[in-house]
Structure formats: C-alpha cells, structure tokens
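Student: what's the 3D shape of this:
(one chain, ligands or ions: 1)
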Amino acid sequence: MPATSDPLAEFDYGAVELTGGPLKQHYDRIHAAYLALDNDRLLRVYRERAGLPAPGAPMGGWYGRDGFVPGHALGQYISGLARIGRTTGDASCATKVAALVDGFAATLGPKDQSFAAPNAENVWPCYILDKHLAGLMEAYNLSGVAQARDLVPRVFHGALPYIPERGHDRVGKKDPPYDETYVLPESLFLAYELTGDRALYDRAMAYLLDRDFFDPLAAGQDVLPGRHAYSHVIALSSAGKARLVLGDEKYLRAMQNAAQLLASTQQFATGGWGPNETFITPHQGQLYASLRTTEDHFETPCGSYAAIKLGRYLLCATGEAQHGDGLERVLFNGILAAKEPDADGDYPYYSTYGAEARKVFYPRKWPCCSGTLVEGVADYVKNIYFRAHDGVAVNLYAPSRVHWQERGANISLEQQTDYPLDGRIALRVTLAAPVEFALRLRIPAWLNTTPSLAVNGKPVHAELERGFAVVRRRWAGGDTLECDLPLQFRTEAVDDQHPETVALLCGPLVYVEQNPQKGEAAHVIPQALRPATEAQGVFSAPASNRGRTYAPFYFVRDETYTMYAQHG
Ligand SMILES: [Zn+2]
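Tutor: Numbers count the residues shown, from 1 in each chain. Modelled structure (predicted):
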C-alpha cells in the first residue's frame, strides 16, 4: 500500500522479477559485468590513502588516485549490486557488497576519512558523499550488511570538515570546484530516517536549492536554460524526497513544471536532453542546431537515471500516466540504447543524435555514467509495477512477474509480451481464492486508437482514470487480462522551429536509419515502411527510397546510424 495518501507507491526490489525480453537481457549483462569488477582494484585508491597494502591494478580514468573524481563510483557500484542481489536472490551480490563495505570501512581511520584522495575531498566532497551514503544504506537495507548502518553517521560526520555549510548552484560555473550538492538532500533525508541523527536532517535542509531552483520552478518559471542538465534533473529527486519529509507541495509543483518544460522544450525524441550537458533556450531552434555542432547530445546513463527517478516520484505523487510515458521513452531509447561497457572501464556517456553517427565510449575510463548505468539498470524492476490503494498499476510492458498481498491474500501477476516490438500484452493472475482488486494499465499517449481489453477472451469495458485503464473485478486464479496497444509509425519534429526535421517513432521506440549512405540527405516516408524479413522490429523503405533500413535505436551496436531525417 502507498504509505501516504499518494495514489501510487513503488514496490520493493524483491517484489518484481524480469522474465524475458530486452530489459532482462540488458539487466543480465549488467548484473554479470558489475559482479565481475575486481574488489581489490575498486578499493585500491582508498587503501593507498589509508596507507594499507593495496593489491590490484590501478583503475585509472576518473576513478584513480590522480583521476578527475578519485574513488567516486564505489558507492554506486555497491548500490547497484545490492539492488540486483535483492531482486534476483543472487547471494554473490550480497557477498560482494559485504566485502566492499568491509574493505571500505577498514580504510576510514580514526577521523572517519572517507575520501580517496585530495582531489576527492577538495573538489567533489558532496558528490562523493552522496554516493557513499546511498551505497551504505542500500548495503544495509537490501543486502543485510549490519556494519553499513553504523558507517552512515560516521562517514557523514567524518566528511563535515570538507563539505560546505550551505548548498550553492553552479550555474555558469566552468572552473573547479564543480562540487554538486544537488541530489545530496535526498540521501541525507534517507540517512536521517535510518539513523535519527538530526545533523543529517539539518544539512539536508541547508542543501535544498529552494531559492535558486525549486521556488521559481514551483512558481511556473522556466529556469532551465543555461543550467547544467543532469545536475538539475537529479536535484529534482531531492525535491521529491523533501516533499515526502516536509509535506510541502511546492516541491511537487516544481517537479511537475520541470517535467513539463523538459518534455515540451528540452527533449529530443529519445527523451534525452542537454546538448553539451546544458539546457537550451527554447524556441530558437537550438536542438536542431546542436545536431550539427556537437556529438554530445545526451549524457545518457546519468541523464536517464535522473529522468526515470523524477518520473517515478511524479507517478507516485500524481498517479498520472503521462509521467509513465516520459519514463518509458527515456528508458527504451536512453539507457537501454546505451553502448555496452567493456570489462576494463570503457563506458558509454554521450549519445549522438546527429547524422551518420556511431555509439562510442567516453575517452576516459570509469566516468560518472559507470555509476548510474548499474543503478539505472538495477531499477528496471522498479518502473514496471506500482502499488495502488486498491490493486496494482502496470506502468511498463515487459515480460515480468510481481508478487503482492491484497486483503491478506498472496497474489502474483505474470506479464507476457513481445513489447516494445509488439503491442499485445497478457497479464495472468495467480492466487488461491478469488479476491477483488483493480488492475490499472497505462494507456500511452502515443496510442492513436482505442485500446482493446479482454478478460479470459471476453471484451471488457475499462474506465480511463488519469491515463490508466482500470479493470476492477473479483479475480480468480488463472484469470487473464489481455490488452492490445497497436504500434504505428509516426514522426516528431526536433524542435518547434524545424517541423520538417523529424525522428521516426513506433510505439515507444525511436527508429534510426541503419548504415546510412555517406553524405546523402536522409529522408523518411513512415507510411511506406514494411517489415524486413531478417529480424522482428526491422523495417525497410521501398526501392524508390533506396531500400533504406530502419531499426529501433536500442538495436544499434557498432554500425552507423542517422536519427533525424527530412519528412516525406
Ligand atoms: Zn554521467
């Protein structure tokens, strides 16, 4: 049940499992990749700082002793593994989390010094403290690592000499220190709730960006242009948590206005935003211009993680399906479509939406996006189902299972579908004796027909509430709810100044032209596309349009692609 009067609540990690499809494939690869990280290598920079034996090769890149943010992602790797372990029941995740927490604790010393190198404590203390606190809390909550709870206040108090009294916005700041307090209040509030330590609460309050960001957003102002994109979207998670702790609805208005501004003025068809990591000034054709002036269109793992967290906060607070639409868009075309990392620190960072592009690694190893990639993929299970007061809301369509209790009865719901390549979805209920509850299905805004719904093969009428179709009945074991959301091609303009420059979409997916001919102008005729024979989800244009082929952006591996084309 939602703990508050909010319409929806998240399920715990253990309640949902992925059973197939592209999300599970991605999840399984990320699970294996992060489980394989070498503990000694991860701890080396911390052990060196403490003067302890430090076996293992240096990590290098951002993470190393002389790197951009030494030791920055340890807490995020711990968070990601704790979440995956809780969801999958893979005990090796909890074992690894416990070993990393133990190794980290041994480096703290008498002053509880948690920063791995001078560059960490001088330039990035708030950014890194946030990751440490979140990792420790999740090690305790999700992996049962008892000492992690005791480390939360120790690490916080040990960091106090290095962190500022108040938060500050880094707008326009191009030189170090770049430190970011933006999402830290969310972790500080959670740490306060876990430990009762009032100092954590006080510092959370001191770091909320009310005056610079949340207050003007809540008043309906567009304060996004020029700001660092990821930092300010992840800051909205602090607003989401502040609303729950403080009960102040201005934080909800700030989040709603920001989400509306992102969707209507900042985002590409993928749901990504922030070319060169900066919000554009609307109505000047700047998204279009950026297609030619940069290859750095969206900081994909970090940005997707921030946007999806915002989407979940808003879904829970409002129960409105539009927030699920936005979440779905950036999940399937952002984080799911990011390049696969290799085993030695090469990671995706920017996605490129210009012509004849390729998916590439970030030039420096172990960037910020290596931390948010595992957190974001671990959260796939969080985005599919939500608990309502009278049942369950299905937000994402993906082969999966959810377990919950309704009126004391154990219920499980199994979803079978080939979504996002096919719009047909079947939800099968398993329970011991009939129970009345409501199933809510998000009806995406991109759907331009009436969805058809049937229970056990018989059509049913469903009321639409806040964009969800509601089927309320006395469910018996084996009952199956079927839904068809027909997928059709459509186009979306890159911005309001360039209506003829469009991306091709089908259902929730952005399609790109694969292996475009060099130097040739791209143009697309959506209604002329036909399924190609080689693979489900791939489409071909007629010979008159050179037989170009189009595939979902998440299909792309090493081939070139073009996302935006001229319409017609
Ligand atoms: Zn990043």
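Student: residue 191 reaches residue 198, doesn't it?
Tutor: No: between residue 191 and residue 198 there is no contact, the gap being 11.3 Å when judged by Cβ atoms under 8 Å. (Glycine included, C-beta is placed from N, CA and C.)
Student: for these two, indicate the residue with more neighbours.
Tutor: Just comparing residue 191 and residue 198: by other Cβ atoms under 10 Å the higher neighbour count belongs to residue 191, 25 against 9.
Student: what about residue 393, which SS state?
Tutor: strand (DSSP: H, G, I helix; E, B strand; the rest coil).
Student: ok, for it, nearest residue in space, not its chain neighbours?
Tutor: What sits nearest to residue 393 in space, not counting adjacent residues and going by Cβ to Cβ, 6 or more residues apart in numbering, is residue 440, at 3.9 Å.
Student: counting contacts, what elements does the helix or strand of the chain at the bottom of the mean pLDDT ranking pack onto?
Tutor: Using mean pLDDT, DSSP states H and E, strand 523-524 stands out as the lowest-scoring helix or strand of the chain, at a mean of 87. Applying 3 or more Cβ pairs under 8 Å, 6 or more residues apart in numbering; DSSP states H and E, one finds that strand 523-524 contacts strand 564-567.
Student: list the buried residues of the strand it packs on.
Tutor: For strand 564-567, burial by neighbour count (16 or more other Cβ atoms under 10 Å) applies to 564, 565.
Student: hmm, who's touching it?
Tutor: By Cβ atoms under 8 Å, 6 or more residues apart in numbering, the residues outside strand 564-567 that reach it are 291, 353-355, 491, 494, 499-504, 513, 521-524.
Student: 10 Å - rerun?
Tutor: In this structure, residues lying in contact with strand 564-567 by Cβ atoms under 10 Å, 6 or more residues apart in numbering are 268-269, 287-288, 291, 353-355, 491-494, 498-504, 512-513, 516, 521-526, 548, 550.
Student: check the residues you listed for burial and list the buried ones.
Tutor: The neighbour-count criterion (16+ other Cβ under 10 Å) marks 268-269, 287-288, 291, 353-355, 491, 493-494, 498, 501-504, 512-513, 516, 522-526, 548, 550 among these as buried.
Student: next, count neighbours for whichever residue of the stretch 101-250 of the chain sits closest to the ion.
Tutor: Residue of the stretch 101-250 of the chain nearest the ion, by Cβ to the ion: residue 230 (6.4 Å). Per other Cβ under 10 Å, the neighbour tally for residue 230 reads 26.
Student: thinking again about what came up before, tell me the strands beside the helix or strand that contains the residue nearest to residue 393, with direction?
Tutor: For residue 440, the element it lies in under DSSP states H and E is strand 435-442. Take DSSP bridges as the rule and strand 435-442 pairs in its sheet with strand 391-394 (parallel), strand 468-475 (antiparallel).
Student: now the helix or strand that comes right after that strand - C-alpha only, PDB.
Tutor: Remark: after strand 435-442, the chain's next helix or strand is strand 452-455, criterion DSSP H and E. Output of strand 452-455 as PDB, limited to C-alpha atoms (Å, rounded to 0.1, in the frame of the first residue of the first chain):
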ATOM      1  CA  SER A 452      -8.900  -3.200 -26.700                       C
ATOM      2  CA  LEU A 453      -9.100  -5.100 -23.400                       C
ATOM      3  CA  ALA A 454     -10.400  -8.600 -22.700                       C
ATOM      4  CA  VAL A 455     -10.600 -10.800 -19.700                       C
END
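Student: so how far is residue 219 from the closest residue to residue 520 other than its chain neighbours?
Tutor: Leaving aside its chain neighbours, residue 520 sits nearest to residue 546 (7.9 Å; criterion: Cβ to Cβ, 6+ apart). In this view, residue 546 and residue 219 are 51 Å apart by Cβ to Cβ, to the nearest Å.
Student: quick check: residues of the chain near the ion?
Tutor: Within the chain, the residues that sit near the ion (Cβ under 5 Å from the ion) are 299, 302, 368, 369.
Student: around the first one, how many other residues sit close by?
Tutor: Neighbours of residue 299 under the rule other Cβ under 10 Å: 30.
Student: that one contacts residue 347, doesn't it?
Tutor: No: contact between residue 299 and residue 347 fails when scored by Cβ atoms under 10 Å: they sit 11.5 Å apart.
Student: any residues in contact with both of the two?
Tutor: Common neighbours of residue 299 and residue 347, using Cβ under 10 Å, 6+ apart, are 362, 367, 368, 369, 372.
Student: buried residues in stretch 407-416, which are they?
Tutor: In stretch 407-416, counting by 16+ other Cβ under 10 Å, buried: 411, 413, 414, 415, 416.
Student: you'd agree the fourth one is in a strand?
Tutor: Pointing back at residue 415 there. Yes: using three-state DSSP, the assignment for residue 415 is a strand.
Student: distance check, it against residue 462.
Tutor: Using Cβ to Cβ, we find residue 415 at a distance of 17 Å from residue 462.
Student: quick one: pLDDT of residue 1?
Tutor: Residue 1 is assigned 52 on the pLDDT scale.
Student: same question for residue 448.
Tutor: At residue 448, pLDDT is 88.
Student: hang on, residue 425 in a strand?
Tutor: Yes: assessed with three-state DSSP, residue 425 lies in a strand.
Student: quick check: it touching residue 413?
Tutor: No: between residue 425 and residue 413 there is no contact under Cβ under 10 Å: 11.6 Å.
Student: joint contacts of these two?
Tutor: 394, 481.
Student: pull the contacting residues for residue 350.
Tutor: Residue 350 makes contact with 272, 274-277, 294-300, 303, 338, 359-360, 362, 369, according to Cβ under 10 Å, 6+ apart.
Student: these, buried ones only, as a ChimeraX selection?
Tutor: The ChimeraX selection below is limited to those of the contacts of residue 350 classed as buried (16+ other Cβ under 10 Å):
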select :272,274,275,277,295,296,297,298,299,300,303,338,359,362,369
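Student: now, the contacts of residue 350 that are in strands?
Tutor: Counting by DSSP state E, the contacts of residue 350 place 298, 299 in strands.
Student: sec struct for residue 402, please.
Tutor: Three-state call for residue 402 (three-state DSSP): strand.
Student: what's the burial count for it?
Tutor: Neighbour tally, residue 402, other Cβ under 10 Å: 21.
Student: how about the nearest residue to it, chain neighbours excluded?
Tutor: residue 385 (4.4 Å).
Student: and that neighbour, what's its pLDDT?
Tutor: On pLDDT, residue 385 comes in at 98.
Student: show me what contacts it?
Tutor: With the criterion set at Cβ under 10 Å, 6+ apart, residue 385 makes contact with 8, 10-11, 15-16, 392-396, 400-404, 413, 415, 440.
Student: now do 6 Å
Tutor: Going by Cβ atoms under 6 Å, 6 or more residues apart in numbering, residue 385 touches 11, 16, 392, 402.
Student: now swap in residue 12 and tell me
Tutor: So residue 12 contacts nothing (Cβ under 6 Å, 6+ apart).
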